[in-house]
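A.B. asks: Just a sequence and a predicted model for now, questions to come.
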Amino acid sequence: MILLRACARLPKVPLCVCGRQLGVLDLCGCSCRRGLKVTVVGAAGGIGQPLSLLLKANPDIDVLSVHDLRHTAGVAADLSHICTKSVVKAFEGPKKLKAAMKGADIVVVPAGLPRKPGMARSDLIGVNASVAADVAIAASDVCPGALLAYITNPINTIVPLAAAILKRKGTFDPNRLFGVTTLDCVRAKTFLGDAMNVNPQSVELPVIGGHTGTTILPIISQCKPEFKGEEMERLALVDRIQEAGTEVVKAKAGLGSATLSMAYAANQFVCSLIKAILGKSEEDVVEYAYVESDVTKVDFFATRIKLGPQGVMDNCGLPEMDEYEAAAMKCCLVELKKDIELGYKLSDDFKNRECE
Ligand SMILES: NC(=O)C1=CN([C@@H]2O[C@H](COP(=O)(O)OP(=O)(O)OC[C@H]3O[C@@H](n4cnc5c(N)ncnc54)[C@H](O)[C@@H]3O)[C@@H](O)[C@H]2O)C=CC1
Ligand SMILES: O=C([O-])CC(=O)C(=O)O
């Protein structure tokens, strides 16, 4: 992704990102990378606003493009007063989606309906499939090389749906499409850290599968430091991690689902994508994410992945599991298969839109 081309800021500020002054039609001749552009779709929402704030603080972003159906002018004006280098650009409404995403390196999508008490994530598919489809179509048209990260629920179904659309548009790259499951990892670290009375940041454990109830599989047998609690305590921890989203939905009592912890998690994931794109990190850049893979018999599964400039560089596959976890994995695969097939089926509803 090293491109020598007109600086992203050229029309307004004729300076290359390296600081060299450019003529009006000049090309950046300094062999520095062009500006890094991140687009947030759903940026005025409960997740979108704090996520955009965290991204505005990232010194590696040059252009932060914020899109939503409404209210992005205010969000962008507010963010733009923060003294970091990125330029914030606001886009509103479905007609401006492509402009918002044009040339993006990363598109992160916290757009769509959240749950209310009593709802399952799968109840959101009716509305959210359409939102996710529009983003996939726009990505194909204006930023086919972008890393595309969906937060929109139900992740298990939304990501296969987007993949099917990208495949029909001829722009699918399995290494560039992600369902963000980072919040499950963040929660697992927190709850295990509390249970073992250690700093959650020092806890590492795999959380694999998908992003609903029993498809969220925390692999506590591989936790570091080792979890030495009783079986009942372990089962309670698994249950809490699987139901953590519902815990927040209930506590918010009709005002939505997790937003702040999700923004934290999504920022962690996007920061890793940025590190991988820029190739700055000495260490491997690793995250867990729901991606297309052949590590199980279902097409999409969240595992540990190594990230590079082109997205997934290596899928680390399945962790070791004990008997209990291996049995839970079988149930998870049955659920996931249904969710994935639904995504493929629903993708057909958007065939007309793909040709517009
Ligand atoms: N993957 C995960 O771990 C998590 C996923 N979520 C999901 O994230 C999504 C967003 O949640 P919240 O931010 O709490 O909801 P929210 O309702 O506060 O914000 C969603 C935003 O998306 C915008 N939007 C809707 N349709 C759009 C479209 N076609 N184009 C652009 N923007 C559009 C809305 O105007 C709104 O500002 C939900 O589907 C929720 O279930 C939430 C938490 C965790
Ligand atoms: O539970 C929800 O609806 C939102 C979500 O995915 C989570 O918090 O894990």
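C.D. replies: All right, it came through fine. Ligands and ions are numbered 1, 2, ... in the order given.
A.B. asks: okay, now the residue of the chain found nearest ligand 2: neighbour count?
C.D. replies: The chain approaches ligand 2 most closely through G245 (2.3 Å), counting by Cβ to the nearest ligand atom. The C-beta positions use only the backbone N, C-alpha and C, and glycine is treated the same way. Residues near G245, counting by other Cβ atoms under 10 Å, number 24.
A.B. asks: For this structure, what lies in contact range of ligand 1?
C.D. replies: Contact residues, the chain versus ligand 1 (Cβ under 6 Å from any ligand atom): 41-42, 44-48, 67-69, 110-115, 124, 128, 131, 134, 151-153, 155, 180, 183, 211, 256-259, 262.
A.B. asks: residue ranges for the helices of the chain, please.
C.D. replies: 48-56, 72-80, 97-101, 125-142, 155-169, 182-196, 231-242, 244-252, 260-278, 323-347, 351-355 (DSSP state H).
A.B. asks: what are the phi and psi angles of the residue in the stretch 151-300 of the chain that ligand 1 sits nearest to?
C.D. replies: Ligand 1 sits closest to N153 of the stretch 151-300 of the chain, with a gap of 3.4 Å, by Cβ to the nearest ligand atom. Main-chain dihedrals, N153, degrees, to the nearest 10: phi -90, psi 160.
A.B. asks: What number of residues are in the vicinity of it?
C.D. replies: Neighbours of N153 (other Cβ under 10 Å): 27.
A.B. asks: Next up, the contacts around the closest residue to it other than its chain neighbours.
C.D. replies: Closest residue to N153 apart from its sequence neighbours, by Cβ to Cβ, 6 or more residues apart in numbering: R121 at 4.4 Å. R121 is in contact with 115, 153-156, 211-212, 245, counting by Cβ atoms under 8 Å, 6 or more residues apart in numbering.
A.B. asks: Mind doing that once more with 6 Å?
C.D. replies: Shown in contact with R121 (Cβ atoms under 6 Å, 6 or more residues apart in numbering): 153-154, 212.
A.B. asks: What's the local residue count around the closest residue to D123 other than its chain neighbours?
C.D. replies: With sequence-adjacent residues excluded and distances taken as Cβ to Cβ, 6+ apart, D123 is closest to R115, at 7.3 Å. The tally of other residues near R115 (other Cβ under 10 Å) stands at 20.
A.B. asks: Likewise for V298?
C.D. replies: 24.
A.B. asks: Please read off the pLDDT at E92 from the model.
C.D. replies: E92 is assigned 98 on the pLDDT scale.
A.B. asks: My read is that it contacts T72, right?
C.D. replies: Yes. The pair formed by E92 and T72 meets the contact definition of Cβ atoms under 6 Å, at 5.1 Å.
A.B. asks: lowest-pLDDT helix or strand in the protein?
C.D. replies: None of the helices or strands of the chain scores lower by mean pLDDT, DSSP states H and E than helix 351-355, at a mean of 87.
A.B. asks: List the contacts of it.
C.D. replies: Outside of helix 351-355, the residues within contact range by Cβ under 6 Å, 6+ apart are I137.
A.B. asks: where's that helix relative to the chain centroid, distance-wise?
C.D. replies: 25 Å (Cα atoms, centre = their mean, to the nearest Å).
A.B. asks: Check stretch 267-275 too.
C.D. replies: Going by Cα atoms, centre = their mean, where stretch 267-275 is centred and where its chain is centred differ by 9 Å.
A.B. asks: Stretch 149-158 now?
C.D. replies: That offset, for stretch 149-158, works out to 9 Å (Cα atoms, centre = their mean).
A.B. asks: buried stuff in the least confident helix or strand of the chain?
C.D. replies: Judged by neighbour count (16 or more other Cβ atoms under 10 Å), helix 351-355 contains these buried residues: E354.
A.B. asks: swap in stretch 205-224?
C.D. replies: Here stretch 205-224 shows 205-212, 214-223 as buried, counting by 16+ other Cβ under 10 Å.
A.B. asks: what do you get for stretch 225-245?
C.D. replies: Buried residues in stretch 225-245 (16+ other Cβ under 10 Å): 227, 234, 237-238, 240-242, 244-245.
A.B. asks: That one: how far from the chain's middle?
C.D. replies: 25 Å.
A.B. asks: Can you get me the start-to-end distance on it?
C.D. replies: Using Cα to Cα, to the nearest Å, the end-to-end distance of stretch 225-245 comes to 25 Å.
A.B. asks: State the mean pLDDT of it.
C.D. replies: The model assigns stretch 225-245 a mean pLDDT of 98.
A.B. asks: Save the helices of the chain as CSV, and put in distance to L307 too.
C.D. replies: What follows is these, written out as CSV (distance: least, Cβ to Cβ, whole Å):
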stretch, distance to L307
helix 48-56, 17
helix 72-80, 26
helix 97-101, 21
helix 125-142, 18
helix 155-169, 17
helix 182-196, 12
helix 231-242, 23
helix 244-252, 25
helix 260-278, 4
helix 323-347, 22
helix 351-355, 28
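A.B. asks: Check the ones you listed for me: which has the lowest mean pLDDT.
C.D. replies: helix 351-355 (a mean of 87).
A.B. asks: what residues are up against the spatially closest residue to Y150 that is not a sequence neighbour?
C.D. replies: Sequence neighbours aside, V109 is the residue nearest to Y150 in space, at 4.9 Å (criterion: Cβ to Cβ, 6+ apart). By Cβ under 6 Å, 6+ apart, the contact set of V109 is 41, 135, 150-152.
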